[in-house]
Structure formats: structure tokens, C-alpha cells
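Visitor: How does the following fold in three dimensions:
(4 chains, ligands or ions: 2)
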Amino acid sequence: MSQQQADLDAMYQEIILDHYKNPQNEGLRDPFEAEVHHVNPTCGDEVTLRVHVSGAGDDAVVADVSYDAEGCSISQAATSVMTELLIGRRVSEAMGVHEQFLELMQGRGQVEPDEDVLEDGVAFAGVAKFPARVKCALLSWMAWKDATAQALDRADNPTEENR
Amino acid sequence: MSQQQADLDAMYQEIILDHYKNPQNEGLRDPFEAEVHHVNPTCGDEVTLRVHVSGAGDDAVVADVSYDAEGCSISQAATSVMTELLIGRRVSEAMGVHEQFLELMQGRGQVEPDEDVLEDGVAFAGVAKFPARVKCALLSWMAWKDATAQALDRADNPTEENR
Amino acid sequence: MSDIPGLLPGLEVVRQDFPILERRLAGDVPLVYLDSANTSQKPQVVIDAMVDHLERHNANVARAMHQLGAESSEAFEAARDTVAAFLNAPSRDEVIFTRNASEALNLVANTIAWAPTGDGELGIGPADNVVITEMEHHSNIVPWQLATERKGADLRWFGLTDDGHLDLSRVDDLIDEHTKVVSLTWVSNMLGTVNPVAEIARKAHAVGAVVVVDASQAAPQMPVDVQAVDADFVAFTGHKTVGPTGIGVLWGRAELLDRLPVFLGGGEMIETVTMERSTYAKAPHKFEAGTPPIVEAVGLGAALRYLGDLGMEAVHTHEKAVTGYLLDGLASVGGVRVLGPTDPAERGGAVSFELEGVHPHDVAQLLDSRGVAVRAGHHCAKPAHKRYGVQSSTRASSYLYTSPEEIDALVDALGYTKSYFKV
Amino acid sequence: MSDIPGLLPGLEVVRQDFPILERRLAGDVPLVYLDSANTSQKPQVVIDAMVDHLERHNANVARAMHQLGAESSEAFEAARDTVAAFLNAPSRDEVIFTRNASEALNLVANTIAWAPTGDGELGIGPADNVVITEMEHHSNIVPWQLATERKGADLRWFGLTDDGHLDLSRVDDLIDEHTKVVSLTWVSNMLGTVNPVAEIARKAHAVGAVVVVDASQAAPQMPVDVQAVDADFVAFTGHKTVGPTGIGVLWGRAELLDRLPVFLGGGEMIETVTMERSTYAKAPHKFEAGTPPIVEAVGLGAALRYLGDLGMEAVHTHEKAVTGYLLDGLASVGGVRVLGPTDPAERGGAVSFELEGVHPHDVAQLLDSRGVAVRAGHHCAKPAHKRYGVQSSTRASSYLYTSPEEIDALVDALGYTKSYFKV
Ligand SMILES: Cc1ncc(COP(=O)(O)O)c(C=O)c1O
Ligand SMILES: Cc1ncc(COP(=O)(O)O)c(C=O)c1O
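Guide: Ligands and ions are numbered 1, 2, ... in the order given. Coordinates of the predicted model:
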């Protein structure tokens, strides 16, 4: 098998194609504190993503992440895997997972993923060799980070209405 | 003598340098029907030029061309030679001279000048080999044409004030 | 080489003019470049003309009085003559060099927005409207959104029919006595549709509107005659006509260029500058602020001469032949839905399609692993994608150097894609 | 080669990097290129980088998913990294590719004119003023004339002292609490003056004004550190920094780029486009509408790496050494009056002068007949010429490849000019 073919198969892992065909935690749900809409301007992939955070401060927990997304296998699978990884974790821990995933994706195939942290996310190691697809894998992770920041911000600075 | 040097000497004819040092018909005079200001945007050479036309229709005569100009030897000499050539001629004839001079300048050194028509103007034949200087030689000729058109226009369509 | 009627004579030799076609990609597979609607490849003569300019004649233009300056100015202005001839423009002074087609379209939109408004004026005000179409490239949408928003004017859109054409049924409602501008693409970069530009220009002129034609996809593929099409402005871009990036062209009617206010300010576009006020040069210089794209103009001139030598009629015939072969090939794959007209006689060479069950990114990725370069995404035509209920598509676009064997390679690779994704 | 302290080490070898320096002109005289402030010559590595890109990696950027697209995008974005490093920019996302310096300055002037006005806002209104200087290039005058005129704001000017410096005596009157923008050149292209940019930036920031620095002449000649100079925007142009035409750079502070409205609309600068409205990408893409100057960025990247390898300190030292030698040479001619500072420590390498009794055109013509290329005219700085009571001047401008022998040739040719015109 050529290197070429090997790289391709490393990207399109069975696990990724599974998540693509059977996305987890799909759909938009209540309750949520923040909803964001992110777009990949290059290709038009889109995600609408909601975050529900419970608790506050150090005890804040990612209670739910729900979404409505349209995109390629990589971006769809990444969203699905992300929700499995993050829902139920402390926000501080989840941010750490986000960091590690980001590092893996930007590592051009040179970073060794930690399976204990990233679980199914390690399947994306092969994507890092395709710079054009890294943005696909990161789209909903970026959306999650953005939404979570907004949710925490609102918890800290409640406006008149939701105080 | 090199071709190079020969071309240079052909441009800087004695006659041109003479006109440059002793410009004819210089200064702005009354009466005049039109005054224009032309600029060579590339180098900044400028001319303010007045035209006095007497008579009308086919009998219109270039009664005077007066000017205030700043520029290089070629543009200054061209202005001086032009006034000598045009003052006193019928407008229709003067336009013909203008045509011939234009043709000579745009001929890239391939056009044989007619000394009977252009008189001292034939000295500019050498300028035609230097495309960047053609604009210098034509600056006041263009100004004269513009001013004359305006003067004739006013004669034909007198406005309230000068009717 | 397969024998399809209409192919460019000596295609094998023509292909040798393009050094990049010898490239081999990862896995030592040959390049099959089917992304020419995105940007075209460059023949050796274009590259050589640029190199010769940089190595032997480089100098700034217009302002320089020395020999190199004269050579450079002459080469630059000769390119303007070449463009004028290519477009059959009445005057070389109507040819403005811009950065790309996008800048050309923005130039028109901005100067119209700055122009005085009112009856018989070029400007747009709250009572006026601008008409564009749903199949425009973003570069012919956003400038008009910005301009109409700034001036409070109305932006109207030609809709599209299900089979990928402009919906002309409402034309007389759309273009009315308040219409100041009708701006449309000649050939769609997504659907491939060739629009009836002259017919629409006639309607627009009847109400006194100005007609802007985006010829970015037309200029590479078919003879463009600005007089025959009766447009007021025509824009195209160098890098799609086998020329370099960094240069585009706006052609405009002399009378309109005269009346429009200036665009960007700076060197070259002035007549005189004083602290109190400045006056401006005549077109084309009026619209060319700063040092122009000199070596790019030299490259573009060589590119258009190259196209002229092949003959734009021959290029057009080739494009239609290859596109027909491509459409047949796609039909043979199964699960392929083409967006836009399916008759090659009615369309240009950009063919966007969906492959059932595989996202366009994934299609493009699989094709790329076989050396086949196509585009996946919205091709800067989001409204048109939305119109057809798709978020993105895969686009294969051929050009004068495309061979039937390359189409075969695409069709093959699509089969492989289907089997890879088990659809 | 003459031994002058400060010359670039290995100058003879450096000169061999520039193929055009071998050119022989009419009459078989060697080229003596002293018009580098107008445009610089290009080293072989720049030309080769462009050729390699066109022959092997050409594709459109960002939008393309295939291997060529990835290579091209990588090369293009690597050039942005190179520019960021060259300018010591805090972030690569602050580097915007434009067509030239003129477009960069117009981008700032236009987006500021479109920005909301009022306290703390970036826009300019009738109560506000913009301050420029009498020694600006037209490209840093006309955009501000147009913008202030459109918005009814006041345009103010720093005057000049008799010895060619900015007149700073009225600085506190000029820059007041209504000043929204101070835009000035770092190094004058006519007088050669190096302005105290950081000092003026401090004054401007004290009143909350935005500082725009035209580094078109500084970037080629001296180390540019946008953080040290404390500007908000810095513009320069590719063709003067041994790069190609068709590309310029605008660096801007991230926070300001974020707040400014968009400039031109089209592909690449959008986030999403719908018929109702569009949203825009973040900087730098927000300001880069349409296909960018790709091969030009590749060339510019190679150019700035070339300069970096020589070392900008070394280039600056060379420039000062050659300029000193040039000023001495001019003083030896007799009848020469230099416009601008005469101490090489205080100036850049562009030296404008008058030769008594001979018009600059005629000087340039005679020099050209000896192969010496200089510029004659107003050098796009009419107000500065007017300030010194001259309509035009002759300008000799050296660069990193200029040798003392070339200065000798100029001085010689000036002697010949005097004898030719009998002055
Ligand atoms: C000081 C200065 N500013 C701006 C410019 C404009 O550069 P460009 O013509 O490349 O836009 C120049 C050069 O012409 C210059 O010397
Ligand atoms: C129809 C159409 N219009 C405009 C453009 C914009 O061209 P450029 O990106 O060169 O400005 C393109 C290509 O991208 C196009 O296909």
C-alpha cells in the first residue's frame, strides 16, 4: 500500500466514518446558556451549537452540548466525538481536553495523542497530515469554546433579565 | 561618433537650444479670448497659454499666442517655435501645421518633416526618437489647440456677459 | 489521445506549453488539474515574458525618463493595447488595470456610490435600485450590498430557474425606471450557465441603467467583444486567462469613465497636487493609483497573445467538447447530480455536482489522492447553492489544456470514491 | 572597487545576484541604475521563487483542497509570516496584502472615512481633523484629501524647515484633541529626510489619534520595527524592497483592524453571504477581497528573506556610506544644490538636486546617454517641490547594490552635462 493510501486510510478511520454515519448527541436541546453559529468560510461547513453549564466557578460542569451541523465526514465526526468527550466533565478539565485536541490537530502528524485523554479523539491523528482538513476537525471545538466562554461570562455577569 | 551621441545631438539641435535660451513671444498679453493651463503630469512641466483670434469663420486668424511656461529645453523651445509658426496665420492653416507637427512627433523618427510648413519646427525631428520627450514637445501645442477651440467656441456661442 | 470532435488541434503539443502539467503528486501519480475555473495554469511564454522583464527591463513606468523606464513603460502600455484588442474595445484608454476582477467590480460599485445622484446622474440614492442575480460570485454581490446599503438604495435579484438559468419572467418588474445599475455574470462559475447578456443589456439601457458584466469566467473561454455585448463595464481577472495573479481588467465606456469620480488616490492618477486641491488625470490613469502591476501586465499581455494565437473560437470549441465529454462521464458514474444546465451548448466549462452519500470535501479528498484536483465548497457562490438546497458541491472545471484522458481519470476516481465510502 | 567604510561586505558578489546589472544600454554603455527609490531591481532568488511557483505549485489559495492548493496556500501564508517577522509584528494576522503602498494607504483612509464618528470612534466627521505633512508622497496626500473632503473634516499639514526637516515648532497646535489621524512618511522619497516618527506617534497617541506611517522608503533601507515605532498602521510596497510589483503591505494593530469596517467586498473576505446580508472574515482576510497576489507574495517573501540574510543593519550602513559618497560627489560638481538634509546620518538614500542652468529633464537625458538612470520630475511630491520653490528636480537614489564606481559615473556624467549645455 502506498504512503498516500496509508495516509488516506489513517484519516478516514473506521471510527470516524462510524461517527459520521451515526452522530452522537445530535439535535438542539434545552436548557442552554449560550448558542453560537460558526462557519468555515472556505467551504461553508456550518454548526449551530448550544452549551449548558451547571454549577459555577471551579465546580462548573459541561452539563450538555447539543448541535445542528452540516459538513464533511471529518467535521461531523469531530463534533460527535467532542460531545462524547466533553459532556459531564468539569469545564476546567474540558478546556484541557480542547487544548490537547488542538495540539494534536496542529501538530502536522508529529504529535503523539494521549488516548487516556482523547479517547475516540485519537482517531483524528491522521487528519493532522492534511492541513486543509484541520479546520474541518476544529470547527465545532472552536464553537464549543466560544459558547462556553459566553456561558461562563453570563454566569459571572448576569444581565438585568436573567439575574 | 556613436549612434547614441548622434541621436542626442539630433535632439539638442543648436536651434532648439537657441530658442530655449531666447524664447520668442514670451509673457502673457492682452487681448485674448481663451486662456488654458496645461500640465505634464509625469514631470510637472506647466504652461499657461492665451490665444487671441481675430476675424471669424474661414477668415479667423491667430492674432496672438502668449504664454508663461516652465519646463525643459524641449518644451520651452517647442513653445517658442510654435508661436513663431502660428501667429498671423489663418486658424485653419494653423491647425494643419499642428497636425504635421503631431505626426512628426509621433513618427518615432520615421516621418520626413516638410520644412516649408514646419520651418524651425523641423529641428524637433530628433525628439521623435525619444518617446519620453515627445510629451515635452507637444505640451504647448496641445494647450494651443485646446485654447483655440475654446476661443472659437466662444465666438460662435457668446455668453450673456460677452455678447 | 481519445478522438472527440472539437478538441484543440495539436492538444498534445499545447499541453507541453504548460510546465506544471508534468508535475507528479504524492504517490508519484500525475497531476490531473480540473480546477481551472478557480485559477488557470500558465504557459511557458507567460513565465518567460515575466522573467525577461524582471531580468532585463525592470523599471517603474510613466515617471521614468531613462532607457529602462522607456522599455518598461512601452511593455506595460503594449499590454494595454493587447487587452484592448482582446476585448475589441473602441479605445485603449478604456482599459484599466486593477488588482483582480474583484477590485474591478468594487471600483465600479464605489465610484457609482460616490457619484452625484438624481435624474441622468450615475449615482445611486434611496429612490434607486441595483439589480444583480442569484448566481453571482460573491465578488459581484458584496460590493453592491455595501454600496446600496451605504446609499440607502434597493438591491434586487434575478432569481434562477430549476434548470440553472436566469429566471427572466419577471425582468420587466425587476428592471424599472429606478434601476441605475444591472450587474451580472456572463458565465456562472458554479452552474456554468451562459447568460443572455446582450438581451439584458438592451432592457437595462432602455431604462437608462448602466450594465456591468462580470466576464471572469467568459474571458478565458470564449471570444469577448465588449461592443457586441453592449455592456458599459466589463471585468475580468488575469489569473484565469493563463496570466499571473495580481492583475485584473476593467473595461469601461470612455464617456462613463469620464463622468465617474476617482476611486483610489495617489501617484499616477493625478494631474496636479497642491495643498489646497488636486486635479486628476484622464482615464485610464485616473483609476490607477500608485505603481501599477507592471510585470503582471507584461505577463497578461503574453497570456492574451497566447490565447489569441490559439484562437478564442478554437478554445471555446474545445471547452464545449471537453465539457460534453465530462457531462457524459459524470452521468455514467451513478449517484451524480449536476447543478446547472446539462447541455454543453448552453454552458461554460465549470461543472458542479453532488455525489450521493459523500460530502464534497470527502469527494475532493479522495480525488486528490488519485491526483485529480477539483474544488469542493461553495465556490464563492453561496446564494446559488442555497437556491438549489445544497450547502456545497464538488466542481470539476476544464480548460484549453484538458484532455479526454483527464476526464476519464476523474470518472475513474469517482468510482473509487464511491467504493471507498461504500455508497 | 573603491574602499569606503560601511559598504556591504562582498558587494561585488551581491551585485551578481542582480541579473539586470549586467545590462548594457544603447552605445554599449553599462547600466548605472540610480533610480532605486522609484523601484528597486530584483535578485535572482526572487525571480526564481516566482518561476518555481508558477511552474510547479500554481493554484488558488485558501479555497483549494488539493495538493497544489495546499502547496500554494502554504507558500502564500509563509510569505505573510516572513512579512510579520520583517516588521516585528506582534501577529501575522495583522499583515494585509494589498496591491501596493498606495492601496494600503487608501484602505486606511477609506475605512476610517466609513467608520462611525464621535468620541472614541475611529471615523472622521466635520469636527475632526487629519494631519499630514508637506513632504508626503501624493499617495499619502490624495487619499486624505478625498476622505476629509467627503466627510467634511479638516486636513492639516506639518510645514517644512528650510533645511528639509519637519517643522515641529507648531506640533501642539497641529495635533489637538480633534485630531483623529496623523499620517506621515518615515523617510521622504524626495528630500531623503528621516522623520522622528516615534516622537510624533507619542504626541498623536496622547490625544487619541491613530498614527499611520508610510514606510515605502524606510522598509527598503532600514530595520523597521512596528512595535518600536509605536505606529498603528504601517504601509510599504513590494517593488521597492527587491520584490515584485503588484503587491504591497499594510500592517495594522489587531484591535483597530477589528474595529474598522470592511474595504472592498468579494471572495475571501466573507464569512457568509446571503441575499439579505453578509458577514465578514477576521483580519487579515477581511481586507483581502478576491484572489490575492499569490505569486507576488511568494516573490515578496523571497525578497524579504534576501534582505534579512544581508541584514537590514548592514543594508542601512551601506546606504549611508554610499549616500555620503554621493553627497560629496555632488558637492564637487559645482552648480549643484541639494534639496533636503546634507548630513548622510540624517537621511535616506534618495538625493534630489538642481543643476544650475539645466532643467532636470535635460540632466536626466544627458545622464541616460551615459547609461546613468536617474529620475527627473516632481517624484510624486509636488507640495514639497513647491515649498522649496522648484517645479522639478533630478533625483539619484542608490540601494544595496550601488557601488562607489557608479557614483563616480554619475559625477562624471554631470560634468559632461554641464559642458554639453555650456553652463
Ligand atoms: C514615500 C512613498 N510613499 C508611497 C509610495 C507609493 O508606492 P506605490 O507606488 O508602490 O504604491 C512611494 C513610491 O512611489 C513612496 O516613495
Ligand atoms: C464569476 C467570477 N467573478 C469574479 C471572480 C473573482 O475573481 P478574482 O478572485 O480574481 O477577483 C471569480 C473568480 O474567483 C469568478 O469566477
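Visitor: Neighbours of the nearest residue to C:Gly159 once chain neighbours are set aside, how many?
Guide: Setting aside the residues directly before and after it, C:Gly159 is nearest to C:Asp167 in space (C-beta to C-beta, 6 or more residues apart in numbering or on different chains), at 4.2 Å. Every residue, glycine included, has its C-beta placed from N, CA and C. Residues lying near C:Asp167 (other C-beta atoms under 10 Å in any protein chain shown) number 15.
Visitor: before we move on, what about A:Glu93?
Guide: Neighbour tally, A:Glu93, other C-beta under 10 Å: 14.
Visitor: which other residues reach the helix or strand harbouring it?
Guide: Taking DSSP states H and E as the criterion, A:Glu93 maps to helix A:91-105. If you take C-beta atoms under 8 Å, 6 or more residues apart in numbering or on different chains as the criterion, helix A:91-105 is touched by A:53, A:58, A:60-62, A:82, A:85-86, A:89, A:111, A:113-114, A:117-118, A:121-122, A:124-125, A:127-128, A:134, A:137-138, A:141, A:144-145, A:148, A:152.
Visitor: Can you flag which of the residues you listed belong to strands?
Guide: Those of these mapping onto strands are A:Val53, A:Val61, A:Val62, per DSSP state E.
Visitor: which residues does the first one contact?
Guide: In other words, A:Val53. So A:Val53 contacts A:Glu33, A:Ala60, A:Val61, A:Val62, A:Ala63, A:Val91, A:Thr148, A:Ala151, A:Leu152, A:Ala155 (C-beta under 8 Å, 6+ apart).
Visitor: Could you dump those into JSON lines and include distance to C:Arg395?
Guide: Formatted as JSON lines, the contacts of A:Val53 follow (distance: C-beta to C-beta, whole Å):
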{"residue": "A:Glu33", "distance to C:Arg395": "40"}
{"residue": "A:Ala60", "distance to C:Arg395": "45"}
{"residue": "A:Val61", "distance to C:Arg395": "45"}
{"residue": "A:Val62", "distance to C:Arg395": "39"}
{"residue": "A:Ala63", "distance to C:Arg395": "42"}
{"residue": "A:Val91", "distance to C:Arg395": "42"}
{"residue": "A:Thr148", "distance to C:Arg395": "36"}
{"residue": "A:Ala151", "distance to C:Arg395": "39"}
{"residue": "A:Leu152", "distance to C:Arg395": "42"}
{"residue": "A:Ala155", "distance to C:Arg395": "45"}
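Visitor: just curious, which of the residues you listed is nearest to ligand 1?
Guide: Set against ligand 1, the nearest of these by C-beta to the nearest ligand atom is A:Thr148 (44.9 Å).
Visitor: Verify the stated contact: the closest one with A:Val51.
Guide: Yes. Taking C-beta atoms under 8 Å as the definition, A:Thr148 is a contact partner of A:Val51 at 5.2 Å.
Visitor: And the two? Which one has more around it.
Guide: A direct count of neighbours by other C-beta under 10 Å for A:Thr148 and A:Val51 places A:Val51 higher, at 29 against 24.
Visitor: mind checking how far the residue nearest to the spatial centre of chain A is from chain C?
Guide: Residue closest to the mean C-alpha point of chain A, counted by C-alpha atoms, centre = their mean, is A:Trp141 at 3.2 Å. The spacing between A:Trp141 and chain C, counted by C-beta to the nearest C-beta, to the nearest Å, is 17 Å.
Visitor: could you check the angle helix A:91-105 makes with the longest helix along chain A?
Guide: Counting by DSSP state H, the longest helix found in chain A is helix A:131-156. Helix A:131-156 and helix A:91-105 meet at an angle of 170 degrees, taking axes from the mean of the first three to the mean of the last three C-alpha atoms, to 10 degrees as the criterion.
Visitor: Helix A:131-156: which residues count as buried?
Guide: For helix A:131-156, a neighbour-count test (16 or more other C-beta atoms under 10 Å in any protein chain shown) marks A:131-148, A:150-152, A:155 as buried.
Visitor: on contacts alone, who are the packing partners of that helix?
Guide: With contacts defined as 3 or more C-beta pairs under 8 Å, 6 or more residues apart in numbering or on different chains; DSSP states H and E, helix A:131-156 has these neighbours: strand A:34-39, strand A:46-54, strand A:61-70, helix A:73-86, helix A:91-105, helix C:360-369, helix D:67-87.
Visitor: strands paired with the helix or strand just after the longest one, and their directions?
Guide: Where DSSP H and E defines the elements, the next helix or strand beyond helix D:67-87 is strand D:95-98. According to DSSP bridges, strand D:95-98 has the following sheet partners: strand D:248-252 (antiparallel).
Visitor: follow-up on the earlier one: and the residue nearest to C:Gly159, what is it in contact with?
Guide: Shown in contact with C:Asp167 (C-beta under 8 Å, 6+ apart): C:Phe158, C:Gly159, C:Leu160, C:Thr161.
Visitor: Of those residues, keep whichever come out buried.
Guide: Among the contacts of C:Asp167, those classed as buried by 16+ other C-beta under 10 Å are C:Phe158, C:Leu160.
Visitor: Can you tell me which of the contacts of C:Asp167 lies closest to ligand 1?
Guide: Of all these, C:Phe158 has the smallest distance to ligand 1: 37.9 Å, by C-beta to the nearest ligand atom.
Visitor: just checking, that closest one touches C:Leu184?
Guide: Yes. In this structure, C:Phe158 is within contact of C:Leu184 by C-beta under 8 Å, at 7.2 Å.
Visitor: where do the contact lists of these two overlap?
Guide: C:Ile132, C:Thr133, C:Leu166.
Visitor: just checking, the first one touches C:Leu155?
Guide: So that's C:Ile132. Yes. Between C:Ile132 and C:Leu155 there is a contact at 6.9 Å, judged by C-beta under 8 Å.
Visitor: Comparing the two, which residue is more hemmed in?
Guide: C:Ile132 (25 against 18).
Visitor: Could you measure from C:Val423 over to A:Met11?
Guide: 18 Å (C-beta to C-beta, to the nearest Å).
Visitor: more neighbours, the two?
Guide: A:Met11 (23 against 12).
Visitor: give the contact list for that one.
Guide: Contacts for A:Met11 (C-beta under 8 Å, 6+ apart) come out as A:Ile74, A:Gly126, A:Val127, A:Lys129, A:Phe130, A:Arg133, C:Gln365.
Visitor: likewise C:Gly120?
Guide: Per C-beta under 8 Å, 6+ apart, neighbours of C:Gly120: C:Gly208.
Visitor: three-state assignment of it?
Guide: Applying DSSP: H, G, I helix; E, B strand; the rest coil to C:Gly120 yields a three-state assignment of coil.
Visitor: distance of the residue in chain C positioned nearest to ligand 1 from chain D?
Guide: In chain C, the residue that lies nearest ligand 1 is C:Gly290 (2.9 Å; C-beta to the nearest ligand atom). Distance from C:Gly290 to chain D, counting by C-beta to the nearest C-beta: 3 Å.
Visitor: Test my guess that that residue contacts D:Ala104.
Guide: No. Using C-beta under 8 Å, C:Gly290 makes no contact with D:Ala104, being 9.0 Å away.
Visitor: Now for the two: what residues contact both?
Guide: Shared contacts of C:Gly290 and D:Ala104, defined by C-beta under 8 Å, 6+ apart, comprise D:Thr237, D:Gly248.
Visitor: who's in contact with the residue of chain A found nearest ligand 1?
Guide: Relative to ligand 1, the nearest point of chain A is A:Pro41 (28.5 Å; C-beta to the nearest ligand atom). Each residue near A:Pro41 by C-beta under 8 Å, 6+ apart is listed here: D:Ile270, D:Glu271, D:Thr272, D:Ala281, D:His285.
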